[in-house]
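Visitor: 3D, please:
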Amino acid sequence: MPPASTETPKRSRVPPIRELAILGVLYFVQGMPFGFQATALPVYLRGQGASLTDIAFASALSLPWMIKALWAPAVDRFYLSRLGRRRSWILPMQCVLVLLCVAAGSLPRDALIPLLALIFLMNLAAATMDIAVDGLAVDLLEEEELGYGNTAQVVGYKLGMLTAGGVLMSFTDDIGWSGLFFGMAGLTLLALLAVVFFQESPSATMRGEPKSERPPSVLPLLLEAVKAPGALALMCFIATYKLGESMSDVLFRPFLVDAGFSAGQIGLYIGTYGMVFSLVGSVLGGTLASKVPLLRAVTICAVLRVIPIALEWSLVVDGSPTEAMVIGATCAEHLFGGALTTAMFAFMMSRVDRRIGATHYTVLATIEVVGKMPAGWIGGYLGDTYDYALVFLLATVLSAAYLVLVPWVAATSRRADSP
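Guide: Here you go, the predicted model:
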C-alpha cells in the first residue's frame, strides 16, 4: 500500500449542478419500471387472482437488468454524431418508455399476458437507457465529482422506484391502474423534454482521446481493461462487498415475522423508515466520496456497515427484540448500506476506461449484482438447516472480513487513492 503521503488530495470544485440534475432525472426515469414491478405488480397480480407461484415467477421480468452487458458494446459502438454518443440511445429509449406506459395504461384490466410483456419491454428499454446514462456520467464527470454523480444516480433511481411503487400506487383507488401508467408516461415525457434541450458536449464523448469520427472498437478495449494490472483485485472487491449484507437482508424480514411483528410494522420500519435513511446514507456516502479519495470513502463506509449487521445479529441472539431495537438496527443498516453503495459506485466509475465507459461500467455493475446473489441463497439454506443466529453471525464475519481486500486493491490500484 502506498504511504499516505503519496495520496493526491482532491481538488475543491463546485458540483456541476446542471449535469447532476440531468443525471438524477434520467436515473429517476429508469427506476420507475423496476419500482412498479418490485412493489406494485405483486399487488396488481394478486388482485387479479394470480397464484403466489406466478407472482414469484414475475420477478423474471427484470432479466434485462441482469444481462444488459451483452448489448452494452453496441450502445458504446453505434451512435449518431448529430445527437451525441449517449443521447443517440437515451432519447429513443425514453420515447419507447412513454409509448410502452401508454400502451399498458390502455390495456383491459384482465389482459395479464400483454401487461407482463409490456413490463418486460419497459425493463429492457430502461436497462438499455441505463447503459447510455452510465456512459454519460463517465463522460461528464471528473473523478472528484463522481461522489456527487453517484449520489444523483442512487437517489434518483430510488426516488423513481418510490414514485411508481409507492406514490402513484397510493392513488390507484382514485386514478386506477391505468392512471398509474399514464402518470409514469407523463413523468418520462417531462424527462424526455429535459434531454432534448441538453446538449451533449462533443469533447465529453471521448475525453482524453484525440478527436475522431470513428467509433471505438469496444470488445478489444474491454478485453484490455479486464486483463489490466489490478483488474482481478477490482472485480473481487466489487463482487464481494455486499455478501454479508445480502445474507442478512434475506432473513431479517422473516426473522421479524417469527419474532411477532406484523406486516404493517415491518413495512413501516423497513419500507418507510429504512428507505428514508437509505436516501440519507446515499447523500452522505456521495458527499464523503467527493471529499476524500474514493477507496478511502469505500473503506470508511464498509467499516461502519459492519456495525448494524452486528446489531441485527444481537437482535437474533436476544430472540425478543423491542420495537426501538428493531427500528434502530434497521435505520442504521440502511444508512450505512446506502452510503457504502454510493461510495462503491463512484469508485467503480473511477476505474472504467473512458473510451468504453458505458460497456466497462456495465460489466462492473453486472459483477456487483451477480456477486451478491449467492449470499441470499446460502443464507436461506443455512437458516432452514440451522438457525437465524448462525446466518447473522456469518453475515457479520463476512462484512468484517471483506476489509482484508482493501490493501490488495490499494496495492494494485492504477490511481493513488488508497486509504
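Visitor: elements contacting whichever helix or strand residue 195 is part of?
Guide: For residue 195, the element it lies in under DSSP states H and E is helix 172-196. If contacts are counted by 3 or more CB pairs under 8 Å, 6 or more residues apart in numbering; DSSP states H and E, helix 172-196 sits against helix 17-35, helix 87-105, helix 168-170. In short, each C-beta sits where N, CA and C put it, glycine included.
Visitor: look up how far residue 295 lies from the residue minimising distance to the centre of the chain.
Guide: Taking CA atoms, centre = their mean, the centroid of the chain lies closest to residue 154, which sits 6.0 Å from it. According to CB to CB, to the nearest Å, residue 154 stands 18 Å off from residue 295.
Visitor: tell me the most buried of the helices and strands packed on helix 172-196?
Guide: Compared across those, helix 17-35 shows the largest average neighbour count, a mean of 23 (mean count of other CB atoms under 10 Å).
Visitor: where does residue 113 sit: helix, strand or coil?
Guide: Here residue 113 is helix, with the state taken from DSSP: H, G, I helix; E, B strand; the rest coil.
Visitor: what are the structural domain limits within this structure?
Guide: Residue ranges for the domains of the chain, per automatic domain parsing: 13-201, 218-412.
Visitor: pipe those into TSV and attach mean pLDDT per row.
Guide: TSV is the format used below for the domains of the chain (pLDDT from 0 to 100):
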stretch	mean pLDDT
domain 13-201	89
domain 218-412	91
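Visitor: ok so, going back, would you mind getting the angle between the helix or strand containing the residue nearest to the centre of the chain and helix 172-196?
Guide: Residue 154 is located in helix 146-162, with elements delineated by DSSP H and E. Following axes from the mean of the first three to the mean of the last three CA atoms, to 10 degrees, one obtains 150 degrees for the angle between helix 146-162 and helix 172-196.
Visitor: check which residues of helix 146-162 are buried.
Guide: 146-162 (16 or more other CB atoms under 10 Å).
Visitor: and stretch 395-407, by the same measure?
Guide: 395-396, 398-400, 402, 405-406.
Visitor: thinking residue 106 is in contact with residue 177, fair?
Guide: No: counting by CB atoms under 8 Å, residue 106 does not reach residue 177; the two are 11.3 Å apart.
Visitor: more neighbours: which of these two?
Guide: Just comparing residue 106 and residue 177: by other CB atoms under 10 Å the higher neighbour count belongs to residue 177, 21 against 11.
Visitor: distance of residue 95 relative to residue 384?
Guide: Per CB to CB, residue 95 is found 47 Å from residue 384.
Visitor: ugh, wrong one, residue 346
Guide: 37 Å.
Visitor: same question, residue 310
Guide: Residue 310 sits 23 Å away from residue 384, going by CB to CB.
Visitor: which one's more surrounded, those two?
Guide: Taking other CB under 10 Å, residue 310 and residue 384 do not tie; residue 310 has more neighbours (19 against 10).
Visitor: what strand or helix carries that one?
Guide: Assigned by DSSP H and E, residue 310 falls in helix 294-318.
Visitor: in that helix, what counts as buried?
Guide: For helix 294-318, burial by neighbour count (16+ other CB under 10 Å) applies to 294-306, 308-313, 315-316.
Visitor: ok, stretch 240-260 next?
Guide: Neighbour-count burial for stretch 240-260 flags 240-252, 255-256 (criterion: 16+ other CB under 10 Å).
Visitor: and which of those is nearest residue 413?
Guide: Residue 413 lies nearest to residue 241 out of the buried residues of stretch 240-260, by CB to CB, at 15.5 Å.
Visitor: correct me if wrong: the closest one contacts residue 299.
Guide: No: between residue 241 and residue 299 there is no contact under CB under 8 Å: 10.6 Å.
Visitor: list the contacts for residue 315?
Guide: Counting by CB atoms under 8 Å, 6 or more residues apart in numbering, residue 315 makes contact with 255, 321, 325-326, 329.
Visitor: let's see that with 7 Å instead.
Guide: Contacts for residue 315 (CB atoms under 7 Å, 6 or more residues apart in numbering) come out as 321, 325-326, 329.
Visitor: in helices, which of those appear?
Guide: Residues of these located in helices (DSSP state H): 325-326, 329.
Visitor: what about residue 347, distance to residue 132?
Guide: Distance of residue 347 to residue 132, given as CB to CB: 21 Å.
Visitor: likewise for residue 53?
Guide: Counting by CB to CB, the gap between residue 53 and residue 132 amounts to 36 Å.
Visitor: more crowded one of these two?
Guide: Under the criterion of other CB under 10 Å, the comparison of residue 53 against residue 132 puts residue 132 first, with 26 against 8.
Visitor: burial check on residue 123, number of neighbours?
Guide: Neighbour count of residue 123, defined by other CB under 10 Å: 23.
Visitor: surely it touches residue 61?
Guide: Yes: the criterion here is CB atoms under 7 Å, and residue 123 meets it with residue 61 at 5.9 Å.
Visitor: quick check: neighbours shared by these two?
Guide: residue 37.
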